[in-house]
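> 3D model of this:
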Amino acid sequence: MPLQGVLNTWYGFILMNFFTCFIYSMGISSWVLTPVTEPVKLASITANIALAAAGTATAANLNIFTEATIYCTYMWWGGIACTLPLVVMLAFSKSKRLKSLGRACAAPAVFNINEPVIFGCVAWNPVMMLPMWIIGIVAPAITWIGTKVIPFAPLNTIQFDLWYCPFGISTWLATQSFAAVILALIVLAACTVIWYPFFKAYEKQCLEEEANNG
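This is a model prediction of the structure:
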């Protein structure tokens, strides 16, 4: 219960998502955190369902730290750290190597599987690790503001854990709310803006290497 209380605060929610991105950027899968986070997610969504059934659900008393909120509704388009826009950028890169990587990662990215792109160009790459850390703060912050502070979009009161369902579709299924889809698109747009300049810097490095290697 103490951990559930912390992770459902704004600072706990942001810190845990940042930490997930941080360790993943070093090649450590977020699955190692499952024994700690999964009990909290299950307890949180169970409480949300009970509040919704009782007709007493409000933005103030609903929990945000659920599997659906993080992996299915608002934040991780294409996988942890919202890597779908990065995969699209790679697929249309001027660098032959990056273009090949992006196109190979495209199909998995649609289903939120991003190990190929993380281990292909992000992990232990200082240029690409930094935007991943920034997104680990920005994406949950936008989600918190859009669901708890304003609130513009609803928090999840449906048990929906199909994280491999394509985003947008999963957002609707998990909330049945057009406002939720809009908030998810805002998160996607913000993450795209964050990835872009770092991708261009990395692309420039790769183009120079390809030119030097003939």
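> dump the residue contacts of Pro151.
Ala59 (C-beta atoms under 8 Å, 6 or more residues apart in numbering). Backbone N, C-alpha and C define where each C-beta goes, glycine included.
> any weak-confidence spans in the chain?
214 (pLDDT under 70).
> now the helices: where do they sit in it?
Using DSSP state H, the helices found in the chain span residues 2-7, 10-24, 34-54, 67, 84-91, 96-110, 115-117, 126-144, 169-175, 178-212.
> Most tightly packed of those helices?
helix 84-91 (a mean of 23; mean count of other C-beta atoms under 10 Å).
> end-to-end on stretch 153-171?
By C-alpha to C-alpha, to the nearest Å, the extent of stretch 153-171 from end to end equals 11 Å.
> Go through that stretch and flag the buried ones.
153-158, 160-163, 165, 167, 170-171 (16 or more other C-beta atoms under 10 Å).
> Nearest residue to the spatially most central residue of the chain in space, please, no chain neighbours.
Residue closest to the average C-alpha location in the chain (C-alpha atoms, centre = their mean): Trp76, at 2.1 Å. Leaving aside its chain neighbours, Trp76 sits nearest to Cys82 (5.7 Å; criterion: C-beta to C-beta, 6 or more residues apart in numbering).
> Now, the buried residues of stretch 153-171 that are in strands?
Among the buried residues of stretch 153-171, DSSP state E puts none in strands.
> Among those, which one sits closest to Asn213?
Phe167 (36.9 Å; C-beta to C-beta).
> list the contacts for that closest one?
Per C-beta under 8 Å, 6+ apart, neighbours of Phe167: Cys72, Trp76, Trp77, Gly78, Leu84, Asn112, Ala184, Leu188.
> Fine, thanks again, bye for now.
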